[in-house]
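J.: Got a sequence here, can you model it:
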Amino acid sequence: MTYNFIPDVLTQDLSQVQAELLDHPLWRDVVEGTATTAQLRAFALQDHWLVRHSLQLETLLIAHAPNEHARTVLARKLEPKAVFAGEGSLVHFGAAVGLSPEDFEAVEPLPGCAALTAHFYYALARDGFLGMLASIAASESVFIAICDLAGPALRERYGFTDEQVAFFPLHDGLKEGVNVGETDLLRELASTSEARELVTRTVRRTYGLERLFYDTVYAAR
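T.: Numbers count the residues shown, from 1 in each chain. All right, here's what the predicted structure looks like:
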């Protein structure tokens, strides 16, 4: 699968790092049908934690946008994301692997999840709007690509129904907002060498924390 995030903006070639995230042992096992129930449960709970922070993160990003155009572009992603509180909720996937609604209510973040969540807020504190935009866009873009691999595999290899794995294909609805809207914003705003270095540094750090998140879930064997 060919995937490359804003190579025209980044000052360092991160395509290999991106490829390694898509081929992380967790997702490789999902695609091959060998991921354990414990790993699938851990993913459902930990990603649910992240999703619960999503609206707050998006609201913060919009609040710090530099102009009305940026706010308009970012707001377009809110409606497609609303499905993850309903038909695309990870609670449906969790039920398929033996989790209850109470399990989701009681979830606490494992180290990788806590670190990735904190990173988005850190990016804003350290580098303002551009840093936070780069961190969220990089994280969501690579996960959308992962969903393209994981969704079909979960149906074909594990026998889950479309409803049970709806969380994964419903990320298609974010492609326009993330891979077009937000990446175009990054191109517009990273107009100097210093800004491109900032974006590159942030994206590289984001990938490291994405890997840590997947490592944490993978360890739940």
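J.: Helix or strand next in line after the worst-scoring helix or strand of the chain on mean pLDDT, which one?
T.: Least confident helix or strand of the chain, by mean pLDDT, DSSP states H and E, is helix 78-81 with a mean of 89. Sequence order places helix 90-96 as the next helix or strand after helix 78-81, per DSSP states H and E.
J.: Just the buried positions in that following helix, please.
T.: Leu90, Val91, His92, Phe93, Gly94, Ala95, Ala96 (16 or more other C-beta atoms under 10 Å). C-beta: built from backbone N, CA, C; applies to glycine.
J.: next one: stretch 170-177
T.: So stretch 170-177, judged by 16+ other C-beta under 10 Å, has buried residues Leu170, His171, Gly173, Leu174, Lys175, Gly177.
J.: which non-adjacent residue is nearest the fifth one?
T.: The spatially closest residue to Lys175, leaving aside those adjacent along the chain, is Ile144, at 6.0 Å (C-beta to C-beta, 6 or more residues apart in numbering).
J.: That neighbour: which element?
T.: Counting by DSSP H and E, Ile144 is found in helix 111-158.
J.: Nearest residue to the middle of the chain?
T.: Glu140 (3.4 Å; C-alpha atoms, centre = their mean).
J.: what's the neighbour count on the closest residue to that one other than its chain neighbours?
T.: Of all residues not flanking Glu140 in the chain, Val178 sits nearest, at 4.9 Å (C-beta to C-beta, 6+ apart). Other residues near Val178 number 22, with proximity taken as other C-beta atoms under 10 Å.
J.: Likewise for the one 3 residues further on?
T.: Gly181: 20 surrounding residues under other C-beta under 10 Å.
J.: And what about the spatially closest residue to it that is not a sequence neighbour, helix, strand or coil?
T.: Nearest-residue entry for Gly181: Val73, 4.5 Å, with adjacent residues in sequence omitted and distances by C-beta to C-beta, 6+ apart. What DSSP: H, G, I helix; E, B strand; the rest coil gives for Val73 is helix.
J.: Show the backbone phi and psi for Ala65.
T.: Phi and psi for Ala65, reported as degrees, to the nearest 10, are phi -60, psi 140.
J.: Which pLDDT value belongs to it?
T.: What the model reports as pLDDT for Ala65 is 98.
J.: check contacts around it.
T.: Ala65 sits next to Arg71, Leu74, Phe129 when contact means C-beta atoms under 8 Å, 6 or more residues apart in numbering.
J.: now it: how far from Ala138?
T.: 18 Å (C-beta to C-beta, to the nearest Å).
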